[in-house]
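A.B. asks: Give the three-dimensional model of this entry:
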Amino acid sequence: MPDLGDDAFWRRLGQNLTTERLCQLAEFPANANLQRLLKNCARRLTAKACRVVPTPQNPINNIPQWSISSSTLTLHSPRYRIHFAPRSVMELPANTSDRAAISVSELKRRAGVAGVAVSEVRLSNGDATLTYASSERPDVAQDDFLSVVASLLSNGFVASVTARIGIGSRSVRCSFETLTGAGNGSARYFLAELATVAAPLLGPILRDELLAIRSATYSGAAENESAQNSEKAEGGAL
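C.D. replies: Numbers count the residues shown, from 1 in each chain. Now for the predicted structure:
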């Protein structure tokens, strides 16, 4: 298909588009037409899970680009790929990159940069685990006592966290072992929620990168929609 710069066309094409339908393409390059399509519909697309994969830094192109890769909708930033799985965590490509253990201080830094509230932190040293949470405070990542608890574990590190989505009761669990963000049961998320809540915890994404990722996935129109309504849209026909 030739390069088509008609935003109205891409807006109409994307009206009933779903992440699942897009991912049926299996592999599709980050061409200009795909960027226009996602520009007009990414804000309402949902996914079951995401995975952050570090990549060699590309200093030439600092603008996030969309592609279809390994049957997942994929957002490429200068230092990471964020893969979005439409139906299951099992659809995400394996992450074979080396992963450094995440300390409590690094978690505090990442959560602070992204402005993400963390309701639960699971600490481990490979043998024992400790879970730190509060029934009264919605955000425990910045607690001074969290560092004290972490010091009780010899060679301890952050294994996973539960991050809050907005100000409601929804949350996403982030595993640092697999660099994956996902929910429980049938939970689904807007791409913007996974990209701006889970992804910046899973990878040390810089503030400028985060702003660009938010711009690529987010629109104010999504603020007043619920993930439940978007999940229903995922079941619609193209």
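
A.B. asks: correct me, but Ser119 touches Ser135?
C.D. replies: No: using C-beta atoms under 8 Å, Ser119 makes no contact with Ser135, being 9.8 Å away. For every residue, glycine as well, the C-beta is placed using N, CA and C.

A.B. asks: More neighbours: these two, which one.
C.D. replies: With neighbours defined as other C-beta atoms under 10 Å, Ser119 and Ser135 compare such that Ser119 has more, 18 against 5.

A.B. asks: Let me know the secondary structure of the more buried one.
C.D. replies: Following DSSP: H, G, I helix; E, B strand; the rest coil, Ser119 is assigned to strand.

A.B. asks: where exactly do the helices run in this protein?
C.D. replies: 7-13, 19-23, 32-41, 104-114, 144-151, 191-193, 199-202, 207-217, 227-234 (DSSP state H).

A.B. asks: Quickly compare the ones you listed and say which is most buried.
C.D. replies: helix 199-202 (a mean of 27; mean count of other C-beta atoms under 10 Å).

A.B. asks: on contacts alone, who are the packing partners of that one?
C.D. replies: With contacts taken as 3 or more C-beta pairs under 8 Å, 6 or more residues apart in numbering; DSSP states H and E, helix 199-202 sits against strand 49-54, helix 104-114, strand 180-182.

A.B. asks: State the mean pLDDT of that helix.
C.D. replies: For helix 199-202, mean pLDDT is 96.

A.B. asks: measure Phe84 to Asp208 for me?
C.D. replies: According to C-beta to C-beta, to the nearest Å, Phe84 stands 22 Å off from Asp208.

A.B. asks: how many neighbours does Thr196 have?
C.D. replies: So Thr196, with other C-beta under 10 Å, has 21 neighbours.

A.B. asks: Confirm for me that it is in contact with Thr217.
C.D. replies: Yes: using C-beta under 8 Å, Thr196 is in contact with Thr217, at 7.1 Å.

A.B. asks: Name the residues contacting each of the two.
C.D. replies: Taking C-beta atoms under 8 Å, 6 or more residues apart in numbering as the contact rule, Thr196 and Thr217 touch no residue in common.

A.B. asks: per the record, what domains does this structure have?
C.D. replies: For the chain, automatic domain parsing gives the domain ranges 7-97+205-234, 104-174.

A.B. asks: Turn those into a markdown table, columns for distance to Gly181 and mean pLDDT.
C.D. replies: Putting the domains of the chain into a markdown table (distance: least, C-beta to C-beta, whole Å; pLDDT from 0 to 100) gives the following:
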| stretch | distance to Gly181 | mean pLDDT |
| --- | --- | --- |
| domain 7-97+205-234 | 5 | 82 |
| domain 104-174 | 5 | 93 |
